[in-house]
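Engineer: sequence plus the predicted model coming up.
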Amino acid sequence: MPEAPDAVRELASDPTSRKRFLRQAGGTGVAASLAAVIAACGGNDDSSSSGAKSASTPMASSSGTEQFGKGDLGIANYALTLEYLESEFYAQAADSGMLKGKLLDTAKRFGAEEMAHVEALTALIEKAGGKPATKPKATFPLESQSAILELAATVENLGADAYLGQAPNIQDKEILAAALSIHSVEARHAAVLNLATKASPAPRAFAKGASAAEVLKAVKPFLAT
């Protein structure tokens with residue numbers, strides 16, 4: 001496995017440098033490329049110790065995900081909770097009887113991809129020595145095809161913004177790479193659904209992250225009490 005260049009190793013090991021880079025990159029493909037390079041190349045022996053030790057280390061600043069656990073494990077469980085909701089949304093949408101043909105096929109495909117995210121995050125959390133969050137119960141308004149499409153677009157845009165919002169807070173390079181990889185897929189889902197609802201597939205030149213507080217407030221109406 002080739003050794004990462006010095007600049008990449010610095011970004012991987014120094015959270016201050018990485019946060020500055022991600023803010024400047026705006027969460028675009030540059031940041032995703034960084035994650036891919038870090039994941040593929042790794043670092044030297046002193047800076048490549050990802051996993052339980054670094055994932056469970058509390059961060060200096062608050063990520064807003066502390067209710068899900070400390071440090072990167074809390075962020076990973078926050079992301080897992082959102083993926084649970086997304087996969088459940090598509091399952092309920094597919095079973096609603098409101099979608100037909102290509103729309104139904106797309107809902108099933110997106111649902112399968114969200115479930116793959118659930119499985120990947122669960123495995124990553126367990127590998128880091130954490131306990132995966134429990135799947136919440138959720139209900140969604142699915143009274144018509146248009147309502148489902150509008151909600152799907154909202155959910156996917158929110159998911160992409162949620163991952164981007166947490167990227168600068170993540171210390172563990174493996175969790176960062178996974179988060180940015182999933183963020184890319186969420187953004188692609190959002191673009192497709194924006195088109196389906198006659199909205200712009202890319203409304204901004206630079207994506208804008210959402211805080212955990214903003215995201216959790218948005219999904220609260222869908223959580224069963």
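Structural biologist: Ah, there it is.
Engineer: what sits against the spatially most central residue of the chain?
Structural biologist: Closest to where the C-alpha atoms of the chain average out (C-alpha atoms, centre = their mean) is Y163, at 3.9 Å. Residues in contact with Y163 (C-beta atoms under 8 Å, 6 or more residues apart in numbering) are 79, 179-180, 182-183, 186, 209. (C-beta placed from N, C-alpha, C; glycine too.)
Engineer: show me those that map onto strands.
Structural biologist: Cross-referencing the contacts of Y163 against strands under DSSP state E gives no overlap.
Engineer: could I get the residues you listed as TSV with pLDDT, distance to K131 and neighbour count?
Structural biologist: As requested, these are exported to TSV (pLDDT from 0 to 100; distance: C-beta to C-beta, whole Å; neighbours: other C-beta atoms under 10 Å):
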residue	pLDDT	distance to K131	neighbour count
A79	98	15	28
A179	96	19	25
L180	94	24	24
I182	97	20	23
H183	97	24	26
E186	98	24	26
G209	96	26	21
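Engineer: so which of these belong to helices?
Structural biologist: Of these, the ones assigned to helices by DSSP state H are 79, 179-180, 182-183, 186.
Engineer: just these now: which is nearest F68?
Structural biologist: A79 (8.9 Å; C-beta to C-beta).
Engineer: and stretch 65-79, how far out from the chain's middle?
Structural biologist: 12 Å (C-alpha atoms, centre = their mean, to the nearest Å).
Engineer: pull out the buried residues from that stretch.
Structural biologist: For stretch 65-79, the neighbour count (16 or more other C-beta atoms under 10 Å) marks 65, 68-79 as buried.
Engineer: including secondary structure and distance to A94, could the residues you listed go into a markdown table?
Structural biologist: Output for the buried residues of stretch 65-79, formatted as a markdown table (DSSP: H, G, I helix; E, B strand; the rest coil; distance: C-beta to C-beta, whole Å):
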| residue | secondary structure | distance to A94 |
| --- | --- | --- |
| T65 | coil | 29 |
| F68 | helix | 28 |
| G69 | coil | 31 |
| K70 | coil | 36 |
| G71 | helix | 36 |
| D72 | helix | 33 |
| L73 | helix | 31 |
| G74 | helix | 31 |
| I75 | helix | 29 |
| A76 | helix | 27 |
| N77 | helix | 26 |
| Y78 | helix | 25 |
| A79 | helix | 23 |
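Engineer: ok, so of those, who is nearest R204?
Structural biologist: When the buried residues of stretch 65-79 are compared against R204 (criterion: C-beta to C-beta), the nearest one is A79, at 22.1 Å.
Engineer: the longest helix belonging to the chain - contacts with which helices or strands?
Structural biologist: Criterion DSSP H: the longest helix present in the chain is helix 101-127. Judged by 3 or more C-beta pairs under 8 Å, 6 or more residues apart in numbering; DSSP states H and E, the packing partners of helix 101-127 are helix 71-95, helix 145-166, helix 173-196.
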